[in-house]
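Undergrad: Predicted model follows, preceded by the sequence.
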Amino acid sequence: MKLPVYMDSHSTTPVDPRALEAMLPYFAEKFGNAASRNHSFGWEAEQAVESARAQIARLIHADPKEIVFTSGATESDNLALKGVVEMYREKGDHLITAVTEHRAVLDTARRLEKQGIQVTYLPVGEDGRVDPDAVREAITERTILISIMLANNEIGTINPAAEIGRIAKERGVLFHCDATQGVGKIPVDVEAMGIDLMSFTSHKMYGPKGVGALYVRKKNPRVRLAPLFDGGGHERGMRSGTLPVPLIVGFGKACEIAGAVMTEESARLARFRDKMLHTIMETLGEVYLNGHPTERLPHNLNLSFAYVEGESLLMGMKEIALSSGSACTSASLEPSYVLKAMGRGADLAHSSIRFGLGRFNTEEEVDYVIGRVIETVRRLREMSPLYEMAREGIDLKTVNWKVD
Amino acid sequence: MAYSEKVIDHYNNPRNMGSLDKSDPQVGTGIVGAPECGDVMKLQIKVGPDGVIEDAKFKTFGCGSAIASSSLATEWLKGKNVEEARQIKNTDIVEELCLPPVKIHCSVLAEDAIKAALSDYQKKHQESETAQAVEAKA
Ligand SMILES: Cc1ncc(COP(=O)(O)O)c(C=O)c1O
């Protein structure tokens, strides 16, 4: 086993060697501009782009013409929200989203608020799920878009997207879904789920960084979007700019591979995940699972370790790449807003660790991580005044903490 | 976040980690911070009859820099008398551990913990002196 161990797949993933191989000819040898209509260099590039578009569309049960290439999910989210608001402004001025969305959605919504758009930020339950009934109740005459993510990037909770899609259809409101963490990991079907716009990105599914897509429904209804930037009118006028052909080829190949291996891969990673969950919980005690117990991504595990602060835990396991909801690991000095929104006390948010399993993790690595987590939590609990107080029978909730 | 070598050293080899008997009249205990804020430090000192701190212990819930700040504080406290101990400033800790700006609050917390432990000791000490005086009179 090689160190360091990478277990942070929600952050990014390595390029699958098969995707990399598919990309390589398109850097120097087949370098044409897919928009060049007058020579074979352009035709070759265009063909590569169209075949990738088909691979991507197949994975999500869309038509290839409904795929708009972007630089990644951040851009897709911006394009979906800003593009819809600009295009449908005369129809209404109200958006519905949720407090646990990625910042690419939340910060875009905030900017739109400054421009006079009304935004409803729905709360989530303690399992991190959005309640479809709450979506239904939030819809008004002025609502033009519902933006709810498929699966959360921190806690892995999967939202009832199909139900939300059905409600959106009933009420004639567009439904955008940020499916960045779900595409390639769990089955996604834009038809069955009633999705009108969907953001996703290549680098979270073993494709290269720098490319993503926005699915834009072409019929029932035909969704129109104002572009974010003006230019040559590529991508049906929704996203100008010369297409990054090698990246798109890699993204396409990554989607094809994901479709082929998904069933086997998700079962394997879920087994690793459950092994980690059960062994760690049973051995240590006072470990809490964050997110939904069953409606969650197969490769996500998010745990809070009582009495231990997350960043110090990561520091003790430097040879393992993980992420924490602790304030100390973010620039903002605030613990994870996702965990807080679920009603996890701030203390448990500070104590959280996210494990993101991936295609290339081995069982040996999983066992190694389990062992290191147990060892490090034990060491830090011995060092923790909270653990000592709890063992003396003090209820930490009743302590009058001196805070200035 | 990249840590300084000194922070890593204190985190890996904490000095004086543990607890002293908080009911001992010679022991002063300071507990500062709150779990919701992600940092709680417990710092204890044991003062000898000559007024010199002969032992110091800490336990910390917090990030690596918080652990290092409290570990360093116990190292510095030992051998100082109560007055000298009061002079320890958070900026000295920042400098010694090369803490970046976002971690300055860890050093502030360590200074608060020192002050709290010293006050606790002095309060107890005065009480026990008064008690002794009362006993002597009787
Ligand atoms: C849910 C979600 N949306 C959007 C993004 C942004 O993706 P990208 O890095 O491709 O811009 C991420 C990745 O961090 C994500 O997890």
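TA: Cool, the structure landed.

Undergrad: which residue ranges form the helices in the chain?
TA: Just going to use chain A. Along chain A, counting by DSSP state H, helices occupy A:17-23, A:40-60, A:73-88, A:103-114, A:132-138, A:161-171, A:245-284, A:310-315, A:337-341, A:346-350, A:363-382, A:385-391.

Undergrad: wrong one, I was asking about chain B
TA: For chain B, the helices defined by DSSP H occupy B:5-12, B:64-77, B:82-86, B:90-97, B:104-137.

Undergrad: Mean neighbour count added to the helices of chain A, as a markdown table?
TA: To be clear about C-beta, it is placed using only N, CA and C from the backbone, and glycine gets the same treatment. As requested, those are exported to a markdown table (neighbours: other Cβ atoms under 10 Å in any protein chain shown):
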| stretch | mean neighbour count |
| --- | --- |
| helix A:17-23 | 18 |
| helix A:40-60 | 19 |
| helix A:73-88 | 23 |
| helix A:103-114 | 17 |
| helix A:132-138 | 17 |
| helix A:161-171 | 19 |
| helix A:245-284 | 19 |
| helix A:310-315 | 25 |
| helix A:337-341 | 21 |
| helix A:346-350 | 24 |
| helix A:363-382 | 17 |
| helix A:385-391 | 19 |
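
Undergrad: Can you add distance to chain B and mean pLDDT and give those back as a markdown table?
TA: What follows is these, written out as a markdown table (distance: least, Cβ to the nearest Cβ, whole Å; pLDDT from 0 to 100):
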| stretch | distance to chain B | mean pLDDT |
| --- | --- | --- |
| helix A:17-23 | 30 | 98 |
| helix A:40-60 | 36 | 98 |
| helix A:73-88 | 23 | 98 |
| helix A:103-114 | 19 | 98 |
| helix A:132-138 | 27 | 98 |
| helix A:161-171 | 33 | 98 |
| helix A:245-284 | 16 | 98 |
| helix A:310-315 | 4 | 95 |
| helix A:337-341 | 10 | 93 |
| helix A:346-350 | 4 | 88 |
| helix A:363-382 | 8 | 98 |
| helix A:385-391 | 4 | 96 |
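
Undergrad: B:Cys37: how many residues sit nearby?
TA: 18 (other Cβ atoms under 10 Å in any protein chain shown).

Undergrad: got the angle between the helix or strand of chain B with the lowest mean pLDDT and helix B:5-12?
TA: None of the helices or strands of chain B scores lower by mean pLDDT, DSSP states H and E than helix B:104-137, at a mean of 87. Per axes from the mean of the first three to the mean of the last three Cα atoms, to 10 degrees, the angle that helix B:104-137 makes with helix B:5-12 is 60 degrees.

Undergrad: on that earlier part again, now for the helices of chain A, which one comes closest to the ligand?
TA: Among the helices of chain A, helix A:73-88 comes nearest to the ligand, with 3.2 Å by Cβ to the nearest ligand atom.

Undergrad: quick one on the thing from earlier: which helices and strands does the least confident helix or strand of chain B pack with?
TA: Helices and strands touching helix B:104-137, by 3 or more Cβ pairs under 8 Å, 6 or more residues apart in numbering or on different chains; DSSP states H and E, are strand B:27-34, strand B:39-47, helix B:64-77, helix B:82-86, helix B:90-97.

Undergrad: and the second one, how far from the chain's centre?
TA: Remark: strand B:39-47 is offset 4 Å from the chain centroid, using Cα atoms, centre = their mean, to the nearest Å.

Undergrad: partner strands of it, parallel or antiparallel?
TA: Strand B:39-47 pairs in its sheet with strand B:27-34 (antiparallel), strand B:53-61 (antiparallel), by DSSP bridges.
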